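Undergrad: below is the structure, and that's it, no one-letter string:
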Ligand SMILES: [Zn+2]
């Protein structure tokens, strides 16, 4: 019995010592391979993922992340690199310190690095690296940013910024929030580092959230973004009290219409020859007894990519500034007033019968009699394809109906809110100044009067003093299609 017991003990001791040896050997092996372990793990599973967006190509994605297409292909096993499906999750190499899902978004009003960092709970230095930003001024309205994808439960809404002398603790109490949660959410260890007026965010389910961080302004919306030459823009401002608004976009003063319920809207055209790149967007909102709110931010205008028309040859007199200057000035004065009433409530109707044939498009760059391409086509030209009938595209008041040198027999309709239709080169008119016309009402006949090379109807639309793409008005209801959700 004793012997047996001791031999068992011996056997156990042997096994234990063997196990110890194995254990230390394993530790040694582990120590040898450990330094390489995180690298291996990262390259195979923990790379950040980018979800392919509409319009993306491998090249664009590589450029956006500052890597080569080869690196991108090596990190991903793509069956056919020529076909990149929207929604595909692509692993992005070379972004140490980040894992998760990346997405792109267009920077909105008031976007700043600090604000985005708080909203996305993402360090500023990683935002800078992801977007290869060299200056905070590079974030402008309409710029495309790479951002971490937000879980819906984590979505944050802005709360009004600190007032002068207000502490984060007081802000939390006045918004019914947990002060410690607010401090953590905004990555602040002390409220001392917060600057009054800087954007603050709270978890969405917290009470007191508003769409814009101001005591006076609830929200400001500009759509569509980015701005494009020749497009019609809708700007909506919602306030917390009746207010007076003014502003400027690309040097053009904005005229806001009061739609009731503290909502103010303006429909502004972007000039077809507007310089592309960054321009100014300014809004000032004031209300009695409340501090004036000011927004002044850079905004991006993109090219409308309008082609050049073949050179046109016309009667010299019709391009002589002595004749065109006064006529242009007259038209400008006629289309400047913004009538308070909006006469249209549905999309505009085509001003001719079907089949309609467009002979020249809006925005095309033009040269006359061999001169430089300093002109652009201010409307669309319909050729004579069905009949000669011209219809009012939308309801409105006739503010002009007469003969002009360049525009020939011309009619101008005031649709209200600073929106006008110009109808040129008619052979016949059926309306007089002061008449109110309905959409689809017969108002004249197509002719070849004024600066023309043949019979056609030229139709143009003015939006607050700027001619815009008229065809947009045939498939978009301005401003309703772009009004910010309540
Ligand atoms: Zn024309």
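TA: Yep, it's here. This structure is a prediction, so every number in the text was calculated from the model and none was measured.

Undergrad: check the secondary structure at the residue nearest to residue 74 when sequence neighbours are not counted for me.
TA: Spatial nearest neighbour of residue 74, chain neighbours left out: residue 93 (7.5 Å); criterion: Cβ to Cβ, 6 or more residues apart in numbering. (C-beta placed from N, C-alpha, C; glycine too.) Using DSSP: H, G, I helix; E, B strand; the rest coil, the structure places residue 93 in coil.

Undergrad: phi, psi for residue 93 please.
TA: As for residue 93, its main-chain torsions (degrees, to the nearest 10) stand at phi -80, psi 160.

Undergrad: residue numbers of the chain in contact with the ion?
TA: 381, 458 (Cβ under 5 Å from the ion).

Undergrad: taking the chain, what residue is nearest to the ion?
TA: For the chain and the ion, the shortest gap (Cβ to the ion) falls at residue 458, measuring 3.4 Å.

Undergrad: residue 127 versus that residue, what's the distance?
TA: Using Cβ to Cβ, to the nearest Å, residue 458 is found at 49 Å from residue 127.

Undergrad: next one: residue 304
TA: As for residue 304, its distance to residue 127 is 31 Å (criterion: Cβ to Cβ).

Undergrad: leaving out sequence neighbours, find the closest residue to the residue of the chain closest to the ion.
TA: In space, not counting the residues next to it along the chain, residue 458 is nearest to residue 424; the distance is 4.2 Å by Cβ to Cβ, 6+ apart.

Undergrad: now that neighbour: how far from residue 405?
TA: If you measure residue 424 against residue 405 using Cβ to Cβ, the figure is 11 Å.

Undergrad: more crowded one of those two?
TA: Comparing residue 424 with residue 405 by neighbour count (other Cβ atoms under 10 Å), the higher total belongs to residue 424, at 26 against 16.

Undergrad: what's the average pLDDT for the host helix or strand of the more buried one?
TA: Secondary structure from DSSP states H and E places residue 424 in strand 419-429. Throughout strand 419-429, pLDDT has a mean value of 98.

Undergrad: and that strand, what does it pack against?
TA: Packing contacts for strand 419-429, counted by 3 or more Cβ pairs under 8 Å, 6 or more residues apart in numbering; DSSP states H and E, involve strand 396-404, strand 408-416, strand 442-446, strand 457-463.

Undergrad: need these in JSON lines with mean pLDDT, can you?
TA: As requested, these are exported to JSON lines (pLDDT from 0 to 100):
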{"stretch": "strand 396-404", "mean pLDDT": "97"}
{"stretch": "strand 408-416", "mean pLDDT": "98"}
{"stretch": "strand 442-446", "mean pLDDT": "98"}
{"stretch": "strand 457-463", "mean pLDDT": "98"}
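
Undergrad: residue 458 and residue 127: who's more crowded?
TA: More neighbours surround residue 458 than the other of residue 458 and residue 127, with 25 against 20 (other Cβ under 10 Å).

Undergrad: just grab the bridge partners of the more buried one for me.
TA: Taking DSSP bridges, one obtains residue 381, residue 424 as the residues bridged to residue 458.

Undergrad: surely it and residue 390 touch.
TA: No: under the contact definition of Cβ atoms under 8 Å, residue 458 does not touch residue 390, with a separation of 10.6 Å.

Undergrad: common neighbours of these two, please.
TA: Overlap of the contact sets of residue 458 and residue 390 (by Cβ atoms under 8 Å, 6 or more residues apart in numbering) consists of residue 423.

Undergrad: ok, residue 461 - how many residues close by?
TA: For residue 461, the neighbour count with other Cβ under 10 Å is 30.

Undergrad: report the central residue of the protein.
TA: Note on the chain: the residue nearest the mean C-alpha position is residue 225, at 1.9 Å, using Cα atoms, centre = their mean.

Undergrad: got phi/psi on residue 60?
TA: Phi and psi for residue 60, reported as degrees, to the nearest 10, are phi -60, psi -40.

Undergrad: looks to me like residue 325 is in a helix.
TA: Yes: Residue 325: assigned to a helix according to three-state DSSP.

Undergrad: check contacts around it.
TA: Not one residue lies near residue 325 by Cβ under 8 Å, 6+ apart.

Undergrad: ditto for residue 481
TA: With contacts taken as Cβ under 8 Å, 6+ apart, residue 481 has the following neighbours: residue 234.

Undergrad: let's see it at 7 Å
TA: By Cβ atoms under 7 Å, 6 or more residues apart in numbering, no residues touch residue 481.

Undergrad: distance check, it against residue 267.
TA: As for residue 481, its distance to residue 267 is 11 Å (criterion: Cβ to Cβ).

Undergrad: same deal with residue 445?
TA: Looking at residue 445 against residue 267, where the rule is Cβ to Cβ, the gap reads 30 Å.

Undergrad: the two: who's more crowded?
TA: Counting neighbours by other Cβ under 10 Å for residue 445 and for residue 267 shows that residue 267 has the greater number, 22 against 18.

Undergrad: does that one count as helix, strand or coil?
TA: Note that with three-state DSSP, the state of residue 267 is strand.

Undergrad: give me the neighbour count for the nearest residue to residue 412 once chain neighbours are set aside.
TA: If you skip the residues right next to it in sequence, residue 412 has residue 400 as its closest partner in space, 3.9 Å away by Cβ to Cβ, 6+ apart. Other residues lying near residue 400 total 19 when counted by other Cβ under 10 Å.

Undergrad: ok now do residue 400, which residues does it touch?
TA: The contact partners of residue 400, by Cβ under 7 Å, 6+ apart, come to 334, 410, 411, 412, 433.

Undergrad: these two touch, right, the third one and residue 425?
TA: No: using Cβ atoms under 7 Å, residue 411 is not in contact with residue 425; the gap is 10.6 Å.

Undergrad: contacting residues around whatever helix or strand residue 474 lives in?
TA: In this structure, residue 474 sits in helix 472-475 according to DSSP H and E. Contacts with helix 472-475, where a contact means Cβ under 7 Å, 6+ apart, come from 231, 232, 347, 348, 350, 461.

Undergrad: which of those has the most neighbours?
TA: Counting by other Cβ under 10 Å, residue 461 has the largest number of neighbours within the contacts of helix 472-475, with 30 neighbours.

Undergrad: do a quick rundown of the strands in the stretch 151-300 of the chain.
TA: Here the stretch 151-300 of the chain has its strands, by DSSP state E, counting those that start in this stretch, at 156-159, 200-203, 217-223, 227-228, 232-239, 244-249, 252-253, 257-260, 263-269, 277-287, 290-302.

Undergrad: parallel or antiparallel, list what pairs with the fourth one.
TA: Translated: strand 227-228. The partner list of strand 227-228 in its sheet, established with DSSP bridges, is strand 290-302 (parallel).

Undergrad: can you list the domains in this structure?
TA: Per automatic domain parsing, the domain ranges recorded for the chain read 41-99, 154-203, 235-302, 316-477.

Undergrad: shouldn't residue 147 be within a helix?
TA: No: under three-state DSSP, residue 147 sits outside any helix and is assigned strand.

Undergrad: how much space separates it from residue 395?
TA: Distance of residue 147 to residue 395, given as Cβ to Cβ: 44 Å.

Undergrad: can you list the low-confidence ranges for the stretch 101-250 of the chain?
TA: Segments of the stretch 101-250 of the chain classed as low confidence (criterion: pLDDT under 70) are 108, 110, 134-138, 142, 150-213.

Undergrad: buried residues in the strand holding residue 424?
TA: When burial is assessed from 16 or more other Cβ atoms under 10 Å, strand 419-429 yields the following buried residues: 419, 420, 421, 422, 423, 424, 425, 426, 429.

Undergrad: fine, thanks again, bye for now.
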